[in-house]
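Novice: Starting from these lines, generate the structure:
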Amino acid sequence: MTEPIVIIGGGMAAGNAAVELRESGYDGGLVLFAGEPHPPYERPPLSKGFLAGESAAEDAYLKPREWYAEHDVDVRSGTVVESIDLDGHTVCTSRGDQSYDKLLIATGAQPRHLPISSTDRVEVVHLRSLDDSRHLQDRLSPGSRLLVVGGGWIGMEVAATARGRGVGVTLVEPAEQPLLGAMGAEVGQRLADVHRRHGVDLRTGTSLDQLDGSAAVLDDGTELEVDTVLVGIGAAPDDNLARSAGLDVDNGILVDAGLRTSHPDVFAAGDVANQAHPLLGERVRVEHWQNAVSQGKAAAHALLGESVSYDEIPMFFSDQYDLGLEYFGHPGSEGYDSVKIEDGSSGADSFVARWYRGDLLVAAMHVNEWDLSKDLAAEVRAAR
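Specialist: Numbers count the residues shown, from 1 in each chain. Okay, here's the model as predicted:
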């Protein structure tokens, strides 16, 4: 009897791989290990609609629970894979061993932590899972006080959602502007201005140093009375399982253009995969929803033995207050050296930005200029 395809992970890469396998006609055994007590789900609502209380947990599920049973996908929620035996084609879990024919690792990423713990009056939280978001939602009552550490996408989205719930928000970012490295000073300033207009006390050039009772002490000596601290300082690939198994790992699991790891029967996709990108000409690891969806689907075809060359241009989106943005491209290891910004026609805060390295367009973004989405994506791809 042929062993099943096994998938490790409970996010969009894992879930879309499972769905694509069935929709592509694969009718063999299929086992998915999800460490959380949920079927595969998407994470963008965790800092947006679900956190705001506008949607239910089930709305984030890729498919309803019953879909997996109806399509003979053995989803083992709450089961943690503890190790992988590459030679024995076996995964060892908290509930026993499972052999496999082909294996997909889609373990995602985990939030980075500060060396600061909760006190009896202030709770330090992170945001990665549905349960994290539900817990944070419970703490965002009107009039409560939230300190957001980190002016990246998660921090700014949570700040916007919290303001919508009537929470007092202070956001601290050690750089001169939020998103400075990724977006540049002018784009960062524009987004910072939006947050300040919505009542966020946004402080740059400083960060959290320690907690003292109910006070958050910043590294400039300022003390702030807070109830909750959200740490949003980025994420690291959850590649320990692969590393322990002996797969090649360097800032994620190293995969080729076809998403194959250093073992011929093992593949990786999503936030954990550091891929040799055929179009960008270098290794890329992307921590965004669209990449997880598309790579998961591509990995399904690779698992079936088809020739795959994953060359999609990275993109991501964000929603903050009444602004929606889409970003296309990847500056890569060489970065960018100039940004060109044009004001939009869809409101005072709308604009279009393009990032260049020399004359090469490496990325583009719009804010509330939805008619330009397809054109910007095509423009960036054509430049490569």
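
Novice: all contacts plus neighbour counts: C-alpha atoms, from now on.
Specialist: Noted.

Novice: give me every residue that touches Phe259.
Specialist: One thing to correct before we go on: residue 259 is Leu, not Phe. Phe267, Ala268, Ala269, Ala273, Gln275, Ala299, Ala302, Val308, Tyr310 (C-alpha atoms under 8 Å, 6 or more residues apart in numbering).

Novice: and what of Asn240?
Specialist: Taking C-alpha under 8 Å, 6+ apart as the test, Asn240 contacts no residue whatsoever.

Novice: try it again with 10 Å
Specialist: Asn240 makes contact with Glu82, Ser83, Thr107, Gly246, Leu247, Val249, Gly252, Ile253 under the criterion C-alpha atoms under 10 Å, 6 or more residues apart in numbering.

Novice: Hmm, Asp265 and the fifth one touching each other?
Specialist: What it means is Leu247. No - with contact taken as C-alpha atoms under 10 Å, Leu247 and Asp265 are classed as non-touching, separated by 11.4 Å.

Novice: Mutual contacts of those two, please.
Specialist: A shared contact of Leu247 and Asp265, defined by C-alpha under 10 Å, 6+ apart, is any residue touching both; here these are Leu86.

Novice: can I see the domain layout of this structure?
Specialist: Residue ranges for the domains of the chain, per automatic domain parsing: 5-110+235-303, 113-231, 322-383.

Novice: how about a markdown table for those domains, with mean pLDDT added?
Specialist: As requested, those are exported to a markdown table (pLDDT from 0 to 100):
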| stretch | mean pLDDT |
| --- | --- |
| domain 5-110+235-303 | 97 |
| domain 113-231 | 96 |
| domain 322-383 | 95 |
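
Novice: Redo these as a markdown table? Include distance to Phe316.
Specialist: Listed next are those as a markdown table, based on distance: least, C-alpha to C-alpha, whole Å:
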| stretch | distance to Phe316 |
| --- | --- |
| domain 5-110+235-303 | 6 |
| domain 113-231 | 10 |
| domain 322-383 | 5 |
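
Novice: show me where this protein has helices.
Specialist: Chain-ordered helices for the chain, with DSSP state H as the definition, fall at 12-23, 65-70, 130-139, 153-164, 180-183, 185-197, 240-245, 289-303, 373-383.

Novice: wait, which of those is closest to Gln320?
Specialist: helix 153-164 (5.6 Å; C-alpha to C-alpha).

Novice: tilt between the closest one and helix 185-197?
Specialist: Angle of helix 153-164 versus helix 185-197, following axes from the mean of the first three to the mean of the last three C-alpha atoms, to 10 degrees, is 20 degrees.

Novice: Buried residues, helix 153-164. List them.
Specialist: Residues Trp153, Ile154, Gly155, Met156, Glu157, Val158, Ala159, Ala160, Thr161, Ala162, Arg163, Gly164 are the ones in helix 153-164 that count as buried (16 or more other C-alpha atoms under 10 Å).

Novice: Report all helices and strands that it contacts.
Specialist: Counting by 3 or more C-alpha pairs under 10 Å, 6 or more residues apart in numbering; DSSP states H and E, the packing neighbours recorded for helix 153-164 are helix 130-139, strand 145-149, strand 168-173, helix 185-197, strand 201-204, strand 228-231, strand 315-320.

Novice: Which of those sits closest to Asp343?
Specialist: helix 185-197 (11.1 Å).

Novice: If you compare the directions of the closest one and strand 315-320, what angle comes out?
Specialist: For helix 185-197 against strand 315-320, the angle between stretch directions is 30 degrees (the same axes, to 10 degrees).
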